[in-house]
Structures are given as C-alpha cells and as structure tokens.
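Asks: Starting from these lines, generate the structure:
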Amino acid sequence: MKKLIGATALAAVTLLALTACAGTTPEPSGTEPAPTEGDVAAAPLDEEAAALLPDGTDSLISVTDPTFAPFQFYDEANEEIIGWTADMITALGQTLGVEIPLEAAAFDTILPGVASGKYDLAASAFTVTEERLENADMVTWGLGGTGVAVPEGNPKDISTDPLSMCGLRISASKGTSQAIEILPAFQQACADAGKPKIEENLFPSGQEALLALSSGRTDGHLNDTISIAYEADINGGFEVAPGDDIDSSPFAFALAKDSPLTPAFEAAMAALIDNGTYDAINEKWAFPATAAITADQISNE
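Replies: Predicted coordinates for the structure are as follows:
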C-alpha cells in the first residue's frame, strides 16, 4: 500500500488529540442487529474521480469504530464490519478503482491514527467542527444531530432541553462531540440556571453506554439520533427523548490535513450521489431523508 501522509499531517497528531484521547480496540459484541434486507448494486468506476488519486495508489486503509449501528457494527458472526459505513466504503473503492479495507479501532484513537499515517481515511460518523477542520480534511457525507436515549417510559422526564438533565446521570462516548462539546455546554446551562451539576459518565463505546443505560446505571445517553432510533427499534429497552435534535450538523469522513487523497474522495462522493448509489445505501439502512446531502455540500474548504 502506498502511504500518502506528509509532514503537515504528522504535525497535527498532538492537536488532534484535543478531540480524541487514547483508547482500546473494541471487541465484537455479538449483540448488534442484522442489516436491513436488500443489496446495493456495485458502483461504476468513475474515471475522472480515479484520475485524481496520486500516481501508484492501488490500496488504501480506512478505519472505524464498529459499535454504532446502523453506521458500522459487526455482523451476527462477529467477523465482518457491516452497516452504512461499510457499504459506502465499498462503493467509494469501486468508484475509485482501489481496494479500501475497513479496520476497527476505538473511536478516540482514529483521528490520531489518520494524522500519524497509520490509516488513510477515518470513517466513523465524525461531525464537522472548526477544531477538526483545523487539523484534518473532512468530506461531508450526511447530516445529523444529537439526541438523548432514555429508558422506556422516560421515567426522569428528560428531553433535549439541557435543563431537564441537571442533577441526572448522563453519558456520552469518549472522544465524541457529545463528550467534548455538548456535555460541557449543558453543564454550563445548568450552572447558569442555578441547578445541580450533571453527573457525567464517559464510556469507551456506544455499546457500553447503552448497556449502562439499560441496566439503570445512567439516566440518559447522548448520541447521534439516527443511531439511537435504530438501536431502540431493534433492541428495545430505551427510547429517544422528545425535543428537537441538538446541534444538527454535517457528518464527514476525515483524512490527514491537506491530504492529496481529498479531491479524489470528494469527486467519488459526488459521483455516488449523482448515480443513485448514495440514495440506495441510505434507503438500505433506513436513514431519514433529512440526513441526505447534495453534491454541493460535500466539500468543507
């Protein structure tokens, strides 16, 4: 495999650590649901997009945290990563004419791994933030916001209003925007209102956080609304709290800062949107229409 990470990216490792801390590789749990039925036709090679790859590129490595259904999770045999992300990475590889194997890593180790050159593409539902844009290239693929998972019946009467969570046990996954940005903002809202502090609980993965919620060790869990709704529908035991999505924003793939791969991936995403493959993958994994983007929303330059 030809590595394409330059000195600028290597210098970003320390800065990226501000949005991602050390962690361990998640193990397959065996508890995730099977994918939605239906196959997606192979995407055609797009010669114009493929021509944007650096000469000699025939294989790249992508990485994800396979604990966030329906984005990415292990199949029932605990062997293969499946989900929206896996299908989209396959389609991107077909469009560009290269192999892009998908590896597993803990969420908070992924961005440093891309910056250091260990991986070429981070594919784990990263929200686009100003801090991340300073340290990485980001290729938008969809829109989403944060919701709150609560036990069935919502016994604590939690909503997406931060003041409804003051004094309660609220969790998020380490390294996510929910942990880095939203929980601290909610803490400040509670303090400004003279209400008790939120008891923050940070977990290495979404699976562990939802297990804690289902077992009564926490009162609510902040996560992507698409993921919460999917998990609740498949597994039960919790539901989505009422209220508007919190901080609806773009989701993106991340590459090293100023990566020579970025133009090719932007062109490949545009091709998948134009030829209908993007819509087919969204439909397979039951993404709402509000999550879809158009080709002019891909670039973050």
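Asks: Would you work out how far apart the start and end of stretch 294-301 are?
Replies: With Cα to Cα, to the nearest Å applied, stretch 294-301 spans 16 Å between its terminal residues.
Asks: now that stretch: mean pLDDT?
Replies: Per-residue pLDDT values across stretch 294-301 average out to 95.
Asks: what does stretch 82-93 give?
Replies: 98.
Asks: Stretch 61-72 too?
Replies: Mean predicted confidence for stretch 61-72 is 93.
Asks: Identify the residue nearest Ile81 in space, chain neighbours excluded?
Replies: Nearest in space to Ile81, with sequence neighbours left out and distances taken as Cβ to Cβ, 6 or more residues apart in numbering, is Pro66 at 4.6 Å. Every C-beta, even on glycine, is put in place using the N, C-alpha and C of the backbone.
Asks: Pop out the phi and psi values for that neighbour.
Replies: Main-chain torsions, Pro66, degrees, to the nearest 10: phi -80, psi 50.
Asks: Settle this for me: it is touching Glu80, isn't it.
Replies: No: taking Cβ atoms under 8 Å as the contact criterion, Pro66 and Glu80 are not neighbours in contact, 9.4 Å apart.
Asks: what about those two, which has more around it?
Replies: More crowded of Pro66 and Glu80, by other Cβ atoms under 10 Å: Pro66, with 30 against 12.
Asks: gap between that one and Ile170?
Replies: Using Cβ to Cβ, to the nearest Å, one obtains 24 Å as the distance from Pro66 to Ile170.
Asks: Poorly predicted segments of the stretch 201-301 of the chain, please.
Replies: Across the stretch 201-301 of the chain, no stretch falls below the confidence threshold (pLDDT under 70).
Asks: where along it do the strands fall?
Replies: Chain-ordered strands for the stretch 201-301 of the chain, with DSSP state E, counting those that start in this stretch as the definition, fall at 220-224, 238-240, 246-256.
Asks: for Pro151, which residues make a bridge with it?
Replies: When bridges are assigned using DSSP bridges, the partners listed for Pro151 are Phe238.
Asks: how near is it to Ala179?
Replies: Pro151 sits 21 Å away from Ala179, going by Cβ to Cβ.
Asks: Can you pick out the residue with more neighbours from the two?
Replies: Per other Cβ under 10 Å, whichever of Pro151 and Ala179 has more neighbours is Ala179, with 22 against 18.
Asks: which ones are touching that one?
Replies: The contact partners of Ala179, by Cβ atoms under 8 Å, 6 or more residues apart in numbering, come to 172-173, 202, 222.
Asks: go again using 7 Å as the cut-off
Replies: Contacts of Ala179 were listed using Cβ atoms under 7 Å, 6 or more residues apart in numbering, and they are 172-173, 202.
Asks: Need the per-residue pLDDT for it.
Replies: Residue-level pLDDT assigned to Ala179 equals 96.
Asks: going forward, begin numbering at 9 instead of 1
Replies: Yep, numbering from 9; the last one is Ala187 now.
Asks: That one belongs to a strand?
Replies: No: under DSSP: H, G, I helix; E, B strand; the rest coil, Ala187 sits outside any strand and is assigned helix.
Asks: need the helices for the stretch 9-158 of the chain, in chain order.
Replies: Secondary structure of the stretch 9-158 of the chain (DSSP state H, counting those that start in this stretch): helices at 15-19, 21-24, 55-58, 92-104, 115-124, 138-143.
Asks: no wait, the stretch 159-308 of the chain
Replies: Ranges of helices in the stretch 159-308 of the chain, per DSSP H, counting those that start in this stretch, are 185, 191-200, 214-222, 233-243, 270-282, 285-292.
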